[in-house]
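J.: A structural model of the following input is requested.
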Amino acid sequence: MQRILAIGGGGFLMEEGVSPIDRYLLGLAKRDSPRVCFIPTPSGDLPEHLEKFYRAYSTTLCSPSDLSFFRKPAQRSASLSGFEDHLLSQDIIFVGGGNTKSALAVWREWSLDVVLRKALSSGVILSGMSAGAMCWYEQGLTDSFWGPEYRPLTCLAFLPGGCGVHYSDDPKRRRTLHSAIEASTIKPAIAIDDYAAVLYTDGRVDRVLAWRAGATAYHVTLDNGRAKEIAYASEHIATEKANS
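T.: As a prediction, this is how the structure comes out:
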């Protein structure tokens, strides 16, 4: 079984402490003290992101580690010379937010994209927020080019179609995604709100999760030359739950 949890916005990087979606993700592993590796490449291995990860994913909840390319390895960091074995031994791999385009370039240089596909095929749960959600799709709508507009970006293609994140919380993203679909520069896409996530099982949408009222995800397609969005029914998850 191959599972990917794509988070539009929220979790430990945007909220204080452990979020409902963090607990849910840990529950997917179905084992005591699951092994979780954080990959903060999109932020350039920002120390603040690493600190937030280790605070939220403490040793009382799981066995945490990180894979950093821009920082000298710390005590719980995976060795760059042996990161494939480390990642394949994990229960969960989580990618942080930041610059998707730059992260993909680093991963391809180090062949991490190949290792991540192996991990997915071997049953490791892949997850991430914002850039860490978009990276799994064929395309993402991103501001990673640091220009004034959001642009489509070719991603890892572990999941079909395009992806937009922070959807309802950023009207410009919604307008740009609709325009891109109408111009056929991005494929039909999943658009995910902040405080919402989409769980995929074997490449198909399994369920949409939300932990704020009104948050959900949308399937955005082309209908008679115009973008059309259809909201998914979302399942509310509470702070104390970690259901699968």
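J.: is it fair to say residue 128 lies in a strand?
T.: Yes - assignment of residue 128 by DSSP: H, G, I helix; E, B strand; the rest coil places it within a strand.
J.: what about the chain, any weak spots by pLDDT?
T.: Residues of the chain that meet the criterion pLDDT under 70 lie in 146-148, 239-244.
J.: Which parts of it are strands?
T.: Using DSSP state E, the strands found in the chain span residues 3-9, 35-39, 63-66, 92-95, 125-129, 137-142, 151-154, 159-164, 189-192, 196-201, 204-210, 217-223, 226-231, 234-236.
J.: And the last one, how far out from the chain middle?
T.: Right, strand 234-236. Strand 234-236 sits 18 Å away from the centroid of its parent chain (Cα atoms, centre = their mean, to the nearest Å).
J.: Same question for the third one.
T.: Using Cα atoms, centre = their mean, we find the averaged C-alpha position of strand 63-66 to lie 17 Å away from the chain's own average C-alpha position.
J.: mind listing what's buried in it?
T.: By neighbour count on 16 or more other Cβ atoms under 10 Å, the buried set for strand 63-66 is 64, 65, 66. C-beta coordinates here come from the backbone N, C-alpha and C atoms, glycine included.
J.: by contact count, what packs against that strand?
T.: Applying 3 or more Cβ pairs under 8 Å, 6 or more residues apart in numbering; DSSP states H and E, one finds that strand 63-66 contacts strand 35-39, helix 47-56.
J.: now with 6 Å?
T.: Applying 3 or more Cβ pairs under 6 Å, 6 or more residues apart in numbering; DSSP states H and E, we find strand 63-66 packed against strand 35-39.
J.: tell me the most buried of the strands of the chain?
T.: Mean neighbour count (mean count of other Cβ atoms under 10 Å) peaks for strand 189-192 among those, with a mean of 28.
J.: so what strands line up beside that one?
T.: Looking at strand 189-192 with DSSP bridges, its partner strands are strand 159-164 (parallel), strand 217-223 (antiparallel).
J.: Export these as JSON lines, with columns for distance to residue 38.
T.: Shown next, in JSON lines, are the strands paired with strand 189-192 (distance: least, Cβ to Cβ, whole Å):
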{"stretch": "strand 159-164", "distance to residue 38": "20"}
{"stretch": "strand 217-223", "distance to residue 38": "23"}
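J.: if we can go back for a sec, quick check: which of the strands of the chain is nearest to residue 112?
T.: If you check each of those against residue 112 by Cβ to Cβ, strand 35-39 wins as the nearest, at 7.9 Å.
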